[in-house]
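Asker: The following block contains a protein sequence and its predicted model.
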Amino acid sequence: MDGRPRASALRWGRYSEAGQVYLVTTATRQRTPVFGDFFAARTLVQALRLEQTEERARTLAYVVMPDHLHWLLQLGEGRTLPGVVGTVKSVTAHRLGMRIWQPGFHDHAMRREEDLRSAARYLIANPLRAGLAIRAGDYPHWDVVWI
């Protein structure tokens with residue numbers, strides 16, 4: 001065993017609470033840069049927007065990186081975090097016509113004392129740290145509700 005958690009281990013102890021804000025990270029299979037393609041990245045963004053339209057989750061911020069997604073969301077009433085994330089992954093894979101996601105995801109329930117805006121700023125700065133853009137505004141696949 002290589003010491004990395006398996007998808008099933010990531011689900012141990014996971015509890016979904018309506019109204020709770022979560023920071024979710026999920027990656028593509030073998031970290032393939034599927035979302036380096038503009039159409040694929042926008043397909044994922046549409047899936048995130050569908051979750052908001054259907055009131056399953058309120059998106060506070062997201063950034064679509066070539067091989068993963070960071071999503072700051074507030075969970076909707078009567079929803080589970082694995083259900084919402086699973087729907088986004090399923091819709092995206094179906095629309096793109098391929099298996100693109102690795103199983104599981106990482107989540108962090110944000111605490112009251114944590115500053116959501118700071119978390120969002122850190123999240124949307126990922127393309128800058130990865131060298132994909134010089135300014136956040138130059139990278140097309142992110143959004144945050146506070147702007």
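Answerer: Perfect, I can see it now.
Asker: helix/strand/coil for the spatially most central residue of the chain?
Answerer: With distances taken as CA atoms, centre = their mean, the residue of the chain nearest its centroid is residue 71 (3.2 Å). At residue 71 the chain is in strand, as set by DSSP: H, G, I helix; E, B strand; the rest coil.
Asker: Verify the stated contact: it with residue 24.
Answerer: Yes - counting by CB atoms under 8 Å, residue 71 does reach residue 24; the two are 4.6 Å apart. In this view, the C-beta of every residue, glycine as well, is placed from N, C-alpha and C.
Asker: Neighbours of residue 46, how many?
Answerer: 14 (other CB atoms under 10 Å).
Asker: Hmm, residue 39 and residue 140 touching each other?
Answerer: No - under the criterion of CB under 8 Å, residue 140 is not in contact with residue 39, lying 11.8 Å apart.
Asker: what about the two, which has more around it?
Answerer: Remark: of residue 140 and residue 39, residue 140 carries more neighbours, 12 against 9, as counted by other CB under 10 Å.
Asker: roughly how far apart are the more buried one and residue 42?
Answerer: Using CB to CB, to the nearest Å, residue 140 is found at 8 Å from residue 42.
Asker: end to end, how far does stretch 95-104 reach?
Answerer: One end of stretch 95-104 sits 20 Å from the other (CA to CA, to the nearest Å).
Asker: and if you look at stretch 102-116?
Answerer: So stretch 102-116: terminal residues 27 Å apart, CA to CA.
Asker: what does stretch 132-146 give?
Answerer: Counting by CA to CA, you get 23 Å between the two ends of stretch 132-146.
Asker: This protein: helices as residue ranges?
Answerer: Along the chain, counting by DSSP state H, helices occupy 7-11, 38-53, 81-96, 116-124, 126-129.
Asker: right, and those - which one's nearest residue 107?
Answerer: Residue 107 lies closest to helix 81-96 among the helices of the chain, at 6.0 Å (CB to CB).
Asker: Please consider this matter closed, and thank you.
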